[in-house]
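**Q** Can you look at this prediction? I've put the sequence above it.
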There are 2 protein chains.
Amino acid sequence: MKFEKSKINTVKRGAKKAVYDKSEIYSILDETEICNIAFIYNNKPFVQPINFGRLDDKIYIHGSLKNRMTNALLETEEVCLNVMILDAMKLTRSAFHHSVNYRSVMIFGSVKELTSDKDKLQGLKTIINHFVPNRWEYCRKPNKKELKATKVLEITIKTASAKIADTPPADKKDDLNLDFWTGTIPVKKVYDFPISDEFAKNKTKIPNHILDFVKEKNK
Amino acid sequence: MKFEKSKINTVKRGAKKAVYDKSEIYSILDETEICNIAFIYNNKPFVQPINFGRLDDKIYIHGSLKNRMTNALLETEEVCLNVMILDAMKLTRSAFHHSVNYRSVMIFGSVKELTSDKDKLQGLKTIINHFVPNRWEYCRKPNKKELKATKVLEITIKTASAKIADTPPADKKDDLNLDFWTGTIPVKKVYDFPISDEFAKNKTKIPNHILDFVKEKNK
């Protein structure tokens, strides 16, 4: 399944890197903890990073009642958000062609606030299980007071695109014989061994859902 | 030296995490390859990741002539940009208090296009040396044709703030005896050993400025 190409999501610069396939776009979202959200505040564009959760074509974010970003999104009822994973630095003989390998996703969606406790819990569950799979089963669920203090926003993905660069460094023909080093420095996010909090009960016993998560992430 | 607190840069949510010190803010910028830029396109807010370089209170970005982001920034002549480094995932007994340790910087600046070849070269040099220190000395400098095909934007930092979270997971008192695991999963960006391009001359000889860079980054 692909997102339909329209004026808003069609990649113009570097169109060869463009990807519209839903499963590829979702897998980039799912690999990332943090997205960057654009919003208007005092008539000016702002960007802010925030954690999120995805389930099917829905993305959930949450914030305190007075958060200016969530309030701004609820005013416009739409959002542009981006996630990017840096995979490698590419160094060429020419300054001009230095670049990076990356996976980047642009999401364009509609925004609504979840108001019932049931819907808010479902949104927060998605956020927690996006953070660490199955974590929702291994923590205390939000209570009435906490739910009341939190805005939960549901973003419905209307359209999207990804750009994926995964190629070697590329100089122009005239530069191939220049005696400058050219190559790739792979970059990856590494998850260290979990550290139990000093006040944790059973400090020595790190549960399987945590160990599995770290193992899977570092694959 | 600190950035003066004004309405635009004063951190409201999580004010205890706020940092206005210039050297701390610059060091977060310098540790990052990619920033996220907010801009207006067709009257809507967009966010896009891009690489950059910093020198003193200037940030440089570049793009092709038709790039919609650089053109949008030149229309408004101002910008909000963000960089964020994720340092750890923090898991609490309660779903509600899960969070992350991070260093995030918000920059508010004015934007102008550099037009002389001399200024453009200085901007591009800053970008390349931000990518890998001293790299500018070890690659072919941009020629007239390349300079003509590139827009180089200079952002002057007008004000800024950082948020730094670097604390253990924190549950409320009532939850401290719950039998759920709580702890931290440190996250870091790791730079793998450089891979010389298969068409590189002297493939076996990776220069010191590259080896030093990787060593320094993985410290």
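**A** Okay, I see it. Residues are numbered from 1 along each chain as shown, chains lettered A, B, ... in the order given.
**Q** Please pull out the lowest mean pLDDT helix or strand from chain A.
**A** In chain A, no helix or strand scores lower on mean pLDDT, DSSP states H and E than strand A:18-19, which sits at a mean of 89.
**Q** is that one up against chain B anywhere?
**A** No: judged by C-beta under 8 Å from any C-beta of the partner chain, strand A:18-19 stays clear of chain B, getting no closer than 14.4 Å. Heads up, the C-betas are built off the backbone N, CA and C, glycines and all.
**Q** For burial, what's the neighbour tally of residue A:214?
**A** Residues near residue A:214, counting by other C-beta atoms under 10 Å in any protein chain shown, number 17.
**Q** Return the residues in contact with it.
**A** Residues near residue A:214 by C-beta atoms under 8 Å, 6 or more residues apart in numbering or on different chains: A:191-194, B:185.
**Q** Are any of these buried, and if so which?
**A** Those of the contacts of residue A:214 that meet the buried threshold are A:191, A:194, B:185, by 16 or more other C-beta atoms under 10 Å in any protein chain shown.
**Q** residues of stretch A:36-48 that come out buried?
**A** Within stretch A:36-48, the residues scored as buried using 16+ other C-beta under 10 Å are A:36-41, A:44-48.
**Q** These: which two are farthest apart?
**A** With C-beta to C-beta as the measure, no two of the buried residues of stretch A:36-48 lie farther apart than A:36 and A:44, at 16.2 Å.
**Q** Just the buried positions in the longest helix belonging to chain A, please.
**A** Among the segments of chain A that qualify as a helix by DSSP state H, the longest is helix A:117-131. Within helix A:117-131, the residues scored as buried using 16+ other C-beta under 10 Å are A:120-131.
**Q** now stretch A:133-143
**A** For stretch A:133-143, by 16+ other C-beta under 10 Å, it's A:135-136, A:138-140, A:142.
**Q** can you list contacts of the least confident helix or strand of chain A?
**A** Defining contact as C-beta under 8 Å, 6+ apart, one finds that strand A:18-19 is touched by A:10-11, A:25, A:161-164.
**Q** and these near chain B, which?
**A** Contacts with chain B within those, counted by C-beta under 8 Å from any C-beta: none were found.
**Q** now these: which count as buried?
**A** The neighbour count (16+ other C-beta under 10 Å) marks A:11, A:25, A:161-164 as buried among the contacts of strand A:18-19.
**Q** picking up where we left off before, in JSON lines, list the buried residues of helix A:117-131 along with distance to chain B.
**A** Converted to JSON lines, these look like this (distance: C-beta to the nearest C-beta, whole Å):
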{"residue": "A:120", "distance to chain B": "12"}
{"residue": "A:121", "distance to chain B": "9"}
{"residue": "A:122", "distance to chain B": "12"}
{"residue": "A:123", "distance to chain B": "11"}
{"residue": "A:124", "distance to chain B": "6"}
{"residue": "A:125", "distance to chain B": "8"}
{"residue": "A:126", "distance to chain B": "11"}
{"residue": "A:127", "distance to chain B": "8"}
{"residue": "A:128", "distance to chain B": "5"}
{"residue": "A:129", "distance to chain B": "10"}
{"residue": "A:130", "distance to chain B": "11"}
{"residue": "A:131", "distance to chain B": "6"}
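**Q** Next, give phi and psi for the residue lying farthest from the centre of chain A.
**A** The outermost residue of chain A relative to its centre, with distances by C-alpha atoms, centre = their mean, is residue A:177 at 39.9 Å. Main-chain torsions, residue A:177, degrees, to the nearest 10: phi -100, psi 0.
**Q** Retrieve the pLDDT associated with it.
**A** Note for residue A:177: predicted pLDDT of 91.
**Q** same question, the one 5 residues further on
**A** Looking at residue A:182, its pLDDT is 96.
**Q** surely it meets residue B:200?
**A** Yes: between residue A:182 and residue B:200 there is a contact under C-beta atoms under 8 Å: 4.9 Å.
**Q** Show me which of the buried ones among the contacts of residue A:214 is closest to residue B:114.
**A** Nearest to residue B:114 among those: residue A:191, at 40.5 Å, using C-beta to C-beta.
**Q** Settle this for me: that closest one is touching residue B:189, isn't it.
**A** No: under the criterion of C-beta under 8 Å, residue A:191 is not in contact with residue B:189, lying 11.3 Å apart.
**Q** Check the gap between residue A:57 and residue A:105 for me.
**A** Distance, residue A:57 to residue A:105, using C-beta to C-beta, to the nearest Å: 13 Å.
**Q** swap in residue A:190?
**A** 22 Å.
**Q** All the strands of chain A, in order from the start?
**A** For chain A, applying DSSP state E gives strands covering A:18-19, A:34-41, A:44-51, A:53-55, A:58-64, A:78-91, A:99-114, A:150-165, A:183-191, A:195-196.
**Q** in chain A, which segments are predicted with low confidence?
**A** Along chain A, the model assigns pLDDT under 70 to no residue.
**Q** can I see the domain layout of it?
**A** Residue ranges for the domains of chain A, per automatic domain parsing: A:15-167, A:191-219.
**Q** picking that back up, looking at residue A:190 and residue A:105, which has the bigger crowd around it?
**A** Between residue A:190 and residue A:105, counted using other C-beta under 10 Å, residue A:105 has the larger neighbour count: 24 against 12.
**Q** Against chain B, how distant is the more buried one?
**A** As judged by C-beta to the nearest C-beta, to the nearest Å, residue A:105 and chain B stand 10 Å apart.
**Q** cool, residue A:117 as well?
**A** To chain B, residue A:117 is 14 Å away according to C-beta to the nearest C-beta.
**Q** What of residue A:145?
**A** Noted for residue A:145: a distance of 9 Å to chain B, by C-beta to the nearest C-beta.
**Q** same thing with residue A:203?
**A** Using C-beta to the nearest C-beta, we find residue A:203 at a distance of 8 Å from chain B.
**Q** Could you give the number of residues near that residue?
**A** 14.
**Q** same question, residue A:64
**A** For residue A:64, the neighbour count with other C-beta under 10 Å is 12.
**Q** who's in contact with it?
**A** Contact analysis of residue A:64 by C-beta under 8 Å, 6+ apart lists A:149-151, B:13.
**Q** Now which of the residues you listed would you call buried?
**A** Here, 16+ other C-beta under 10 Å leaves A:150-151 buried among the contacts of residue A:64.
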